[in-house]
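**Student:** Please work out how this folds:
(one chain, ligands or ions: 2)
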Amino acid sequence: MIKLVLTDLDGTLTLDKSTFKVNLSAIEYLRLLEDRGIKIAIVSGNSYPVIRGLTTYFGFSGGLVAENGCVLHFKQKITVCKKMDRNLIQEFKEKFNVKDSWQNEYRECDFGFNPAILTEEMKRWAEEKNIYINSSGYAVHIAMKPAGKAIGVRKLIELYNLDKNEVAAIGDSLTDIDMFNEVGLKVAVSNSDEKLKEKANLILNLKSGEGVKEFAKMLIEGKIWS
Ligand SMILES: O=C(O)COP(=O)(O)O
Ligand SMILES: [Mg+2]
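**Tutor:** Ligands and ions are numbered 1, 2, ... in the order given. The predicted structure is shown next:
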């Protein structure tokens, strides 16, 4: 029985990939799950203040994971990664000519940069420096290793004392692969990156927020493990 649904934000709760506009009826459907006792938690690469604010205003009660697994909220704010080395941020920006995401001012461990194109050269640089690097399609993210959505998700599930088979995760991008590794039910929206679809046990027919609605309906109608 699914007791906790983890949802990515960008590309998943939005109208489509590459827009920040949220699909408002997807939020309504997730609230219906909350009404039925299933907790909803956003798991995102976005900063803690952004996800904390959205969680509050959307009416989700499942806690949250921000900064790609590095910062979570369960009764209180918990930081589970090392703080980012500011010299490495500077080096990354200069070497690859990328710009800070406006949220970097509010981040501790995981930092985002645009354009969101992850190159082989960037991967080599990160590997040499033992740095986590990934792209959500919205930004390239770097953090000191170990980082990635798995760390925060593992901690949240442990704090809830849930079995991974009681947890579902829904996402759209490469950064969600880590989150899939920690849960029983791995759900990809139809416009997900191919590498995420390969790891999914349910690929939805609809894209982004419409896919979230499709999944919520399946849960409500009892079409999914219960
Ligand atoms: O912060 C980003 O770049 C994307 O965030 P997401 O994990 O909600 O897709
Ligand atoms: Mg996403």
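**Student:** For Lys217, see how far away Asp10 is.
**Tutor:** Going from Asp10 to Lys217 by C-beta to C-beta, to the nearest Å gives 22 Å. Where you see a C-beta, it was placed from the backbone N, CA and C, and this is true even at glycine.
**Student:** More neighbours: those two, which one.
**Tutor:** Asp10 (24 against 13; other C-beta atoms under 10 Å).
**Student:** Quickly note the distance from the residue nearest in space to the middle of the chain to Ile220.
**Tutor:** Nearest to the mean C-alpha position of the chain, by C-alpha atoms, centre = their mean, lies Ser44 at 3.0 Å. Ser44 sits at a distance of 24 Å from Ile220 (criterion: C-beta to C-beta).
**Student:** returning to that earlier point: how far away is the residue nearest to the centre of the chain from Leu88?
**Tutor:** From Ser44 to Leu88 the distance is 22 Å (C-beta to C-beta).
**Student:** What of Arg52?
**Tutor:** According to C-beta to C-beta, Arg52 and Leu88 sit 26 Å apart.
**Student:** Check Lys217 too.
**Tutor:** In terms of C-beta to C-beta, Lys217 sits 44 Å off from Leu88.
**Student:** do the same with Glu121
**Tutor:** 15 Å.
**Student:** neighbour-wise, which of the two wins?
**Tutor:** Legend: neighbour count by other C-beta under 10 Å for Glu121 and Leu88, higher for Leu88 (17 against 10).
**Student:** Am I right that Ile157 is in a strand?
**Tutor:** No - using DSSP: H, G, I helix; E, B strand; the rest coil, the assignment for Ile157 is helix, not a strand.
**Student:** Reduced to three states, what does Ile78 come out as?
**Tutor:** Three-state assignment for Ile78 (three-state DSSP): strand.
**Student:** So what's the residue count around it?
**Tutor:** Neighbours of Ile78 (other C-beta under 10 Å): 16.
**Student:** what pairs with the nearest residue to it once chain neighbours are set aside across the strands?
**Tutor:** Closest residue to Ile78 apart from its sequence neighbours, by C-beta to C-beta, 6 or more residues apart in numbering: Leu72 at 5.1 Å. Beta-bridge partners of Leu72, counted by DSSP bridges, are Val65, Ile78.
**Student:** heads up, I number from 6, so please use that
**Tutor:** Done: numbering now begins at 6, and the last item shifts to Leu77.
**Student:** Tell me the residues of the chain that contact ligand 2?
**Tutor:** Listed as neighbours of ligand 2 in the chain under the rule C-beta under 5 Å from the ion: Asp13, Asp15, Gly16, Ser141, Asp177, Ser178.
**Student:** Could you pull out the helices in this protein for me?
**Tutor:** All helices of the chain, identified by DSSP state H, fall at 29-40, 53-63, 91-101, 125-133, 154-165, 182-185, 199-204, 213-225.
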